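Engineer: using only what follows, build the 3D model:
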Amino acid sequence: MFDETDMLRRGLEYMKKKEYEQALSMFDSAISANPRYVEAFYSRGNAHEALGRFDLAIDSYNEVLKFAPKEAAPYFNIACVHRKRGENELAITEFSRAIELKPDYGKAFFNRGLVKFSVGQIDDALTDYTKAIEFSPKDPDPFVARGLIFFLKKEYDHAMEDYDKAIEVNPNHYRAHGNKGNVLEAIGRNEDAVAEYSLVIKLFPNDYKAFMNRGLVYIKLSYYELALADYSRAIEINPRYPKSYSSRGMAHVHLKRYHSAISDFDEAIRLAPNDIDAYINRSHAKVASGDHIGALEDFTVILKSYPDDIKIWSNRAVIYAKLGNSEAAIADYTQVINRADGKAKEVVPAYCSRGVLLSKVGQVDEAIVDYEKALEIEQDNLTANLNIGILLRVQGKFRPAIQHLTRVIELNPQNITAYQHRAVTYGMLGNKEKAEADIAKTKELGKQ
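Structural biologist: Here you go, the predicted structure:
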């Protein structure tokens with residue numbers, strides 16, 4: 001004949017084997033034998049929680065509180081259930097009740113910190129993690145959690161200290177090693193970052209994200225074949241993760257294996273059709289491989305989702321220009337100018353590029369206007385000064401042409417084109433001496 005103690009023991013054995021229904025049967029029997037058996041109520045709550053029956057779990061934990069209202073652990077467990085259900089405010093409230101009853105409850109401080117972090121209460125989470133470390137100095141997890149906050153705040157020295165302490169407590173704590181690798185990477189110690197990611201891989205050979213992290217550092221170190229191998233291993237472990245294909249595609253791009261890169265970007269897009277970065281990377285690979293039509297198609301897809309991305313408009317304009325479609329290129333540069341919203345670094349190149357195209361299609365006056373607008377923003381722009389100087393010479397406006405060409409030479413004394421066009425302009429003005437001097441300078445620079 002089993003008493004309630006034996007039933008509880010058997011139930012706990014079933015829990016260890018994750019045979020939760022059998023465990024519940026034992027806990028129910030124990031409670032039937034002793035309706036005030038706190039340990040059985042508590043264990044029954046654990047079993048319901050493991051099965052995802054959260055309301056029943058909370059009911060069981062509340063039964064514990066009827067008989068042990070000053071116990072902190074039931075509040076802690078109720079809080080954990082609320083956290084699993086995404087009920088963050090309720091979780092914080094229950095963790096706080098546990099802490100009120102047990103002010104040195106390190107695990108409750110840690111878990112409350114996790115919830116606060118998840119809802120953006122970063123500074124409050126930092127305080128909770130610090131309390132957790134104070135009361136549970138042998139638990140590495142609060143060190144890792146606090147280190148992440150320091151990392152996000154770019155307080156890298158403090159982050160490194162926390163990760164080192166976590167590793168001191170548990171030398172095989174893979175998250176501590178992985179996060180330490182992130183810090184080392186952020187401060188430019190890439191070789192050391194590789195060592196940390198390698199430790200993670202040694203501890204967990206099937207952690208595909210560790211291979212991804214190490215692959216990224218290999219890219220930074222220009223170890224492209226090693227990066228390729230890591231991304232391939234990540235794909236073997238998890239063939240459904242689209243970023244692995246995108247990353248391997250970039251490794252292929254660095255190795256100038258553009259067709260292989262495009263194949264990887266194709267797969268990334270198949271797995272994640274809304275991944276615009278994969279479209280962008282594929283478009284650049286297509287450009288490099290000479291597939292301009294394919295690149296245009298990708299740029300067009302991207303612009304449907306990101307119509308204000310002026311870099312994409314500019315990239316598509318370049319392709320249209322290469323294909324000889326000046327009108328389409330001009331239209332795209334116009335989009336850049338209209339959408340730039342005062343971003344001078346983007347507007348000036350767009351004005352200059354559109355000016356080149358306008359002059360090609362015979363719209364010289366419009367081209368000059370574009371160069372003038374570029375110079376209003378950036379008066380020493382070499383391209384605008386040179387091109388407006390050439391066009392003004394063509395229009396017979398020799399003296400302003402010389403002014404612009406001279407400015408180019410002042411900014412870049414090695415610019416042969418500026419000397420050539422200024423020589424022609426001086427000749428048209430009848431200034432033979434200056435024309436000959438510029439021709440001589442052109443010859444001198446040509447020998448260098």
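Engineer: where do the helices of the stretch 251-400 of the chain begin and end?
Structural biologist: Shown for the stretch 251-400 of the chain, the helices assigned by DSSP state H, counting those that start in this stretch span residues 258-271, 276-289, 292-305, 310-322, 326-339, 344-360, 364-377, 382-394, 398-411.
Engineer: got these as TSV, with mean neighbour count, distance to Asn77 and mean pLDDT columns?
Structural biologist: To be clear about C-beta, it is placed using only N, CA and C from the backbone, and glycine gets the same treatment. Formatted as TSV, the helices of the stretch 251-400 of the chain follow (neighbours: other C-beta atoms under 10 Å; distance: least, C-beta to C-beta, whole Å; pLDDT from 0 to 100):
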stretch	mean neighbour count	distance to Asn77	mean pLDDT
helix 258-271	20	38	97
helix 276-289	21	42	93
helix 292-305	17	45	93
helix 310-322	21	51	94
helix 326-339	19	54	96
helix 344-360	21	56	92
helix 364-377	18	64	96
helix 382-394	22	68	96
helix 398-411	18	72	96
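Engineer: make JSON lines from those and add distance to Ala57 to it.
Structural biologist: Listed next are the helices of the stretch 251-400 of the chain as JSON lines, based on distance: least, C-beta to C-beta, whole Å:
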{"stretch": "helix 258-271", "distance to Ala57": "36"}
{"stretch": "helix 276-289", "distance to Ala57": "41"}
{"stretch": "helix 292-305", "distance to Ala57": "43"}
{"stretch": "helix 310-322", "distance to Ala57": "51"}
{"stretch": "helix 326-339", "distance to Ala57": "54"}
{"stretch": "helix 344-360", "distance to Ala57": "56"}
{"stretch": "helix 364-377", "distance to Ala57": "65"}
{"stretch": "helix 382-394", "distance to Ala57": "69"}
{"stretch": "helix 398-411", "distance to Ala57": "74"}
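Engineer: and Arg53, which of those helices is closest to it?
Structural biologist: Among these, helix 258-271 comes nearest to Arg53, with 34.1 Å by C-beta to C-beta.
Engineer: quick one: that closest one to helix 292-305, angle?
Structural biologist: Inter-element angle recorded for helix 258-271 and helix 292-305: 30 degrees (by axes from the mean of the first three to the mean of the last three C-alpha atoms, to 10 degrees).
Engineer: who touches Thr417 in this structure?
Structural biologist: Contact partners of Thr417, counting by C-beta atoms under 8 Å, 6 or more residues apart in numbering, are Leu386.
Engineer: rerun at 10 Å
Structural biologist: Residues near Thr417 by C-beta atoms under 10 Å, 6 or more residues apart in numbering: Leu386, Asn387, Gly389, Ile390, Leu405, Val408, Thr442.
Engineer: and the third one, how far from Ile99?
Structural biologist: According to C-beta to C-beta, to the nearest Å, Gly389 and Ile99 sit 75 Å apart.
Engineer: same check on the last one?
Structural biologist: Separation of Thr442 from Ile99 (C-beta to C-beta) stands at 81 Å.
Engineer: now swap in the fifth one and tell me
Structural biologist: With the distance defined as C-beta to C-beta, Leu405 ends up 76 Å from Ile99.
Engineer: and of the contacts of Thr417, the nearest to Ile269?
Structural biologist: Closest approach to Ile269 among the contacts of Thr417 (C-beta to C-beta): Asn387, at 38.9 Å.
Engineer: quick revisit: for Tyr245, which of the helices of the stretch 251-400 of the chain is the nearest?
Structural biologist: Distance to Tyr245, taken as C-beta to C-beta, is lowest for helix 258-271 among the helices of the stretch 251-400 of the chain, at 4.0 Å.
Engineer: follow-up on the earlier one: Thr442 and Ile99: which has the busier surroundings?
Structural biologist: Per other C-beta atoms under 10 Å, whichever of Thr442 and Ile99 has more neighbours is Ile99, with 22 against 17.
Engineer: where does the more buried one sit: helix, strand or coil?
Structural biologist: Three-state assignment for Ile99 (DSSP: H, G, I helix; E, B strand; the rest coil): helix.
Engineer: in contact with it, which residues?
Structural biologist: Taking C-beta under 10 Å, 6+ apart as the test, what Ile99 contacts is Ala72, Tyr75, Phe76, Ala79, Tyr105, Gly106, Ala108, Phe109, Arg112, Asp128, Lys131, Phe135.
Engineer: what's the span of stretch 368-385, first residue to last?
Structural biologist: Using C-alpha to C-alpha, to the nearest Å, the end-to-end distance of stretch 368-385 comes to 10 Å.
Engineer: can you give the domain ranges for this protein?
Structural biologist: 219-290, 380-448 (automatic domain parsing).
Engineer: turn the ones you listed into CSV, columns for distance to Tyr333.
Structural biologist: Formatted as CSV, the domains of the chain follow (distance: least, C-beta to C-beta, whole Å):
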stretch, distance to Tyr333
domain 219-290, 17
domain 380-448, 14
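Engineer: and of those domains, who's closest to Glu297?
Structural biologist: Taking the domains of the chain one by one with C-beta to C-beta, domain 219-290 is closest: 8.3 Å.
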